[in-house]
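Novice: kindly generate the corresponding structure for this input.
(chains A and B, ligands or ions: 2)
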Amino acid sequence: MLARAVTFALVGLEPRRVEVEAHIQGGAPSLTIVGLADRACQEAKQRVRSGILSAELEFPGSRVTVNLAPAELKKEGSGYDLTIALALLAASHQIPRNRLAEHASCGELALDGRLRRVGGVLAVADGARRAELERIICPYDACAEAALAGIEPVGVRHLSDAVAYLRGELEPPEFVIGNGMPRRRPLDLADVRGQERGRRALELAAAGRHNLLLGGPPGTGKTMLARRLPGILPPLEEEQALEVTRIHSVAGLVDPDQPLIGYAPFRAPHHSASTAAIVGGGPRLRPGEASLAHLGVLLLDELAEFQRPALEALRQPLEDGELVVARAVGSVRFPARFQLIATMNLCPCGARGDPGAHCTCSAQRLARYRDKLSRALLDRFDLVVTIPRAHALDLQGGPGEASEAVRSRVVGARLRLAGARPKRTASADELLTRAVERLPLSGRGRAKVAGVARTIAALAGSDAVLPEHLAEALAYRAPAELATP
Amino acid sequence: MFLRKRDLPPLLLAIHDPPARLYLRGEGDAELLARPAIAIVGARACSPYGAQVARMLGRELAAAGVVVVSGLARGIDGEAHRGALETKGHTVAVLGCGIDRDYPAAHMTLARSIAERSLIVSEYEPGVEPAPWRFPARNRIIAGLCAATIVVEARERSGALITADFALEDGREVFAVPGEITSALSVGANALLRLGATPLTAVADVLESLGLEAPRVAEPKGGPLLDLLPATADELVRKTGLSAGKVTAALAELEVAGLAAEGDGIYRRLA
Ligand SMILES: Nc1ncnc2c1ncn2[C@@H]1O[C@H](COP(=O)(O)OP(=O)(O)O)[C@@H](O)[C@H]1O
Ligand SMILES: [Mg+2]
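Specialist: Ligands and ions are numbered 1, 2, ... in the order given. All right, here's what the predicted structure looks like:
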């Protein structure tokens, strides 16, 4: 007596088909799982047995072998529980075998037979749709997520619901798909007083998806500004939203009621985070913060406090927009086209850039501090600005311009940049040439200035990049002394 | 090279005792002296406010096509010349010594810049050393070359007041910049105001008296910003009311021109 059920394993973000075969033979009662199952997956034995009994179904009283094929694919985690249980029930004739074969399934079983959601349901559902399976049976609170793949989900709260559905005794329950908007209102720029240049740089960063570094003394509002970038970004396109949601799903980070992430994601890892946590990989091949920030924003607050290896590891995704992790089974790709925003003090004591304070850092200490930041990384920032302490009059003044107004300008500029991009006039070209002669500006620096100038022109609604646009862009170049070569 | 009495510009020739000769140094054409001109004079040890006003007046008058005349002294005089040099306009320095003397020595470079474009003039022969008793006489030429004289800051019984006296005697207009009543530097200008001098509140006041129009407000190209340095970009936004983008663009142009540099967010003047 053999029965098969289908589910999908994840290799990085990609679903790979897994056949779960349950074979019931004569002999002393036992349950064996074969097929490169990790520890959590092996523990399915206890959960499946307990779950089946709790559902008042029959657990086979003889030798049972469960094979997860293909064998070379690693099976990790508790997401195979439901599929294993269903294959077993079909092999023991408690549910129709043919009907089961038309369904994909996934989910973790609690000891009482209830279902728990697992990460990566969207990817499994993607796999099921591509394999042209009819429906996917999944935990009820993963329904909305699975439905994003364009396949009909059957949400079940308990193993007995799944059984009733497969026996044709129960219709799939209704569920609600969210609207893709964030639950919490993003932080608003109206809270920031003064900081006109900081605001301007933030707006340019948003319009041109430029990487932005905010330097300056502590307590001037750098973090405050940086955290307000998401609030002035346009929403994601539908395809992009799905791409982002897939990554977050694998990390188990989607909101059950609001699974679609239709807005630019924002990630702000702490500076103590490991390299693996930031760029991803690790033994279980999870997306890191850089991938979770794909098509959104990665904030590195207090940049110089991060481990240098972690920062260096970010250079690849900053260049290529993805992370490639080499594995025995082949390389795994995680998209990581994020926008980087970072803050830092200008020296260890923080006094630099503060006219009212005196820097007490020794030359060595300053050198060591700047050593954290390689020239190569600094070169990835298109915009570098120093945020001074706001003037008392500004701090007492009324609220600043609200994010909504800034965002509508950003949306306008994005449209302009997507169409016929503004071109430099001859006089702007001439200014750029003069600037290259006079200012320390690398080849990469020159290209960045040109790109930022285009964004400035687009924000100004201009069809051409004029000298004034180029001049402003020049002011945001990375100062040479901020990092070691 | 010098002008004989009969070749002197008409305004100078019209004063009570015109000089017998006027020695000229510099690339500027002698014809410069016949153009509409305004004198800006004041204290050598002036306040930062006085310096700023003198510079601004020098710049805006020169930009409007007026020749700015002064005495190359430290303080107000020097600032007025500098302001004019920041534009494409002209400025004339009248010395109380030979035109080959660099007096004061601290203004050697300034003198050279003036000579590169405009004129340095004196009634004294080359080689004549500077001496205090020659300065009042020099002041009559400053006032004489000009349709109007502006006193920016002046102490009681100062050289600037002597220049104003000459101007009044020759029937020229005198403007005074109102000052704080508590400052010794304001005594002279405020006394002139009490005597009926015209208060100067904007460059347009002066230009009108010459029948000239103020040029359209100079673009925020940096000139005005340069005077406000050192400052952060945000301070300049607050002080000028310009947008952050405009201020930033103007500052970068100053950097490219080698006039300013940024360090840790603070922009400073170079040279
Ligand atoms: N420009 C500003 N407008 C309003 N509040 C400010 C501003 N700058 C600083 N603050 C206040 O100071 C706190 C610290 O600011 P923060 O952004 O953490 O500074 P930084 O990151 O530069 O050290 C903020 O939470 C806010 O309350
Ligand atoms: Mg901070």
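Novice: burial of B:Ile181, as a residue count?
Specialist: Neighbours of B:Ile181 under the rule other CB atoms under 10 Å in any protein chain shown: 8. C-beta coordinates here come from the backbone N, C-alpha and C atoms, glycine included.
Novice: again, but for B:Gly26
Specialist: Neighbourhood size, B:Gly26 [other CB under 10 Å]: 22.
Novice: now for residue 55, how many residues are close by?
Specialist: No chain was given, so I picked chain A. A:Ala55 has 22 neighbours, counted by other CB under 10 Å.
Novice: hm, I was asking about chain B
Specialist: For B:Arg55, the tally of surrounding residues (other CB under 10 Å) stands at 25.
Novice: surely A:Arg193 forms part of a helix?
Specialist: No. Counting by DSSP: H, G, I helix; E, B strand; the rest coil, A:Arg193 is not found in a helix; it is coil.
Novice: give the contact list for it.
Specialist: By CB atoms under 8 Å, 6 or more residues apart in numbering or on different chains, the contact list for A:Arg193 reads A:390, A:394-397, A:399-400.
Novice: report the contact partners of the residue in the stretch 301-450 of chain A positioned nearest to ligand 1.
Specialist: Nearest residue of the stretch 301-450 of chain A to ligand 1: A:Ala390, at 4.0 Å (CB to the nearest ligand atom). Shown in contact with A:Ala390 (CB under 8 Å, 6+ apart): A:193-195, A:220-221, B:234.
Novice: and the helices in the stretch 51-200 of chain B?
Specialist: Taking DSSP state H, counting those that start in this stretch as the criterion, the stretch 51-200 of chain B carries its helices at B:76-85, B:108-117, B:135-145, B:159-169, B:187-194.
Novice: next: the stretch 101-250 of chain A.
Specialist: Ranges of helices within the stretch 101-250 of chain A are A:121-130, A:143-147, A:159-166, A:196-208, A:222-226, A:238-250, based on DSSP H, counting those that start in this stretch.
Novice: what's the closest of those to A:Leu88?
Specialist: Comparison of the helices of the stretch 101-250 of chain A against A:Leu88 by CB to CB identifies helix A:159-166 as nearest, at 10.8 Å.
Novice: and the closest one, what other elements does it pack with?
Specialist: With contacts taken as 3 or more CB pairs under 8 Å, 6 or more residues apart in numbering or on different chains; DSSP states H and E, helix A:159-166 sits against helix A:44-54, helix A:81-91, strand A:135-139, strand A:152-156.
Novice: isn't A:Lys448 up against A:Asp382?
Specialist: Yes. Under the criterion of CB atoms under 8 Å, A:Lys448 makes contact with A:Asp382 at 4.7 Å.
Novice: who has more neighbours out of those two?
Specialist: Neighbour count, other CB under 10 Å: between A:Lys448 and A:Asp382, A:Asp382 has more, with 27 against 24.
Novice: look up the closest residue to that one, ignoring the ones flanking it.
Specialist: Distances taken as CB to CB, 6 or more residues apart in numbering or on different chains put A:His210 closest to A:Asp382, at 3.8 Å, once the chain neighbours are dropped.
Novice: can you name the residues that contact the one you found?
Specialist: Shown in contact with A:His210 (CB under 8 Å, 6+ apart): A:204, A:339, A:382-383, A:451-452, A:455.
Novice: what's the distance between it and A:Asp141?
Specialist: A:His210 is 39 Å from A:Asp141, where distance means CB to CB, to the nearest Å.
Novice: before we move on, what about A:Ala87?
Specialist: According to CB to CB, A:Ala87 stands 23 Å off from A:Asp141.
Novice: which of the two has more neighbours?
Specialist: A:Ala87 (32 against 18).
Novice: thought that one was touching A:Val20?
Specialist: Yes. Between A:Ala87 and A:Val20 there is a contact under CB under 8 Å: 4.7 Å.
Novice: mutual contacts of those two, please.
Specialist: With CB under 8 Å, 6+ apart, A:Ala87 and A:Val20 have common neighbours A:4-5, A:66.
Novice: what residue is smack in the middle of chain B?
Specialist: For chain B, the residue nearest the mean C-alpha position is B:Ala80 (2.4 Å; CA atoms, centre = their mean).
Novice: now it: how far from A:Asp141?
Specialist: Distance, B:Ala80 to A:Asp141, using CB to CB: 79 Å.
Novice: next: A:Gly262.
Specialist: Distance, A:Gly262 to A:Asp141, by CB to CB: 19 Å.
Novice: low-confidence regions, the stretch 151-300 of chain A specifically.
Specialist: Along the stretch 151-300 of chain A, the model assigns pLDDT under 70 to no residue.
Novice: would TSV of the contacts of A:Ala390 with distance to B:Ile120 be doable?
Specialist: Listed next are those as TSV, based on distance: CB to CB, whole Å:
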residue	distance to B:Ile120
A:Arg193	51
A:Gly194	46
A:Gln195	48
A:Thr220	49
A:Gly221	52
B:Asp234	41
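Novice: quick check: of those residues, which lies closest to A:His469?
Specialist: Using CB to CB, B:Asp234 comes nearest to A:His469 of the contacts of A:Ala390, at 20.5 Å.
Novice: got a list of what the closest one touches?
Specialist: B:Asp234 neighbours (CB under 8 Å, 6+ apart): A:194-198, A:388, A:390-391, A:394, B:244.
Novice: restricted to buried residues, select those residues in ChimeraX.
Specialist: Of those, the buried ones can be selected in ChimeraX as follows, counting by 16 or more other CB atoms under 10 Å in any protein chain shown:
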select /A:194,195,196,197,198,388,390,391,394 /B:244
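Novice: thinking again about what came up before, and the contacts of A:Ala390 near ligand 1, which?
Specialist: A:193-195, A:220-221 (CB under 6 Å from any ligand atom).
Novice: report the two of those residues separated the most.
Specialist: Maximum distance among the ones next to ligand 1 among the contacts of A:Ala390 (CB to CB): 11.1 Å, for A:Arg193 and A:Thr220.
Novice: so whatever residue of chain B ends up closest to ligand 1, which state does it fall into?
Specialist: In chain B, the residue that lies nearest ligand 1 is B:Asp234 (9.6 Å; CB to the nearest ligand atom). Following three-state DSSP, B:Asp234 is assigned to helix.
Novice: for whatever residue of chain A ends up closest to chain B, name its beta-bridge partners.
Specialist: In chain A, the residue that lies nearest chain B is A:Thr386 (2.8 Å; CB to the nearest CB). In this structure, A:Thr386 bridges to A:Gly215 when assessed by DSSP bridges.
Novice: can you tell me the closest non-neighbouring residue to the residue nearest the centre of chain A?
Specialist: By CA atoms, centre = their mean, the mean C-alpha position of chain A lies nearest to A:Leu292, the distance being 1.4 Å. Spatially, and ignoring its direct neighbours in sequence, A:Leu292 is nearest to A:Arg267 (5.0 Å; CB to CB, 6+ apart).
Novice: what does chain A put close to ligand 1?
Specialist: Going by CB under 6 Å from any ligand atom, the residues of chain A near ligand 1 are A:192-195, A:218-224, A:343, A:390.
Novice: ok, the closest residue to ligand 1 within the stretch 1-150 of chain A - contacts?
Specialist: Ligand 1 sits closest to A:Gly119 of the stretch 1-150 of chain A, with a gap of 32.6 Å, by CB to the nearest ligand atom. Residues near A:Gly119 by CB under 8 Å, 6+ apart: A:77, A:79, A:249-253.
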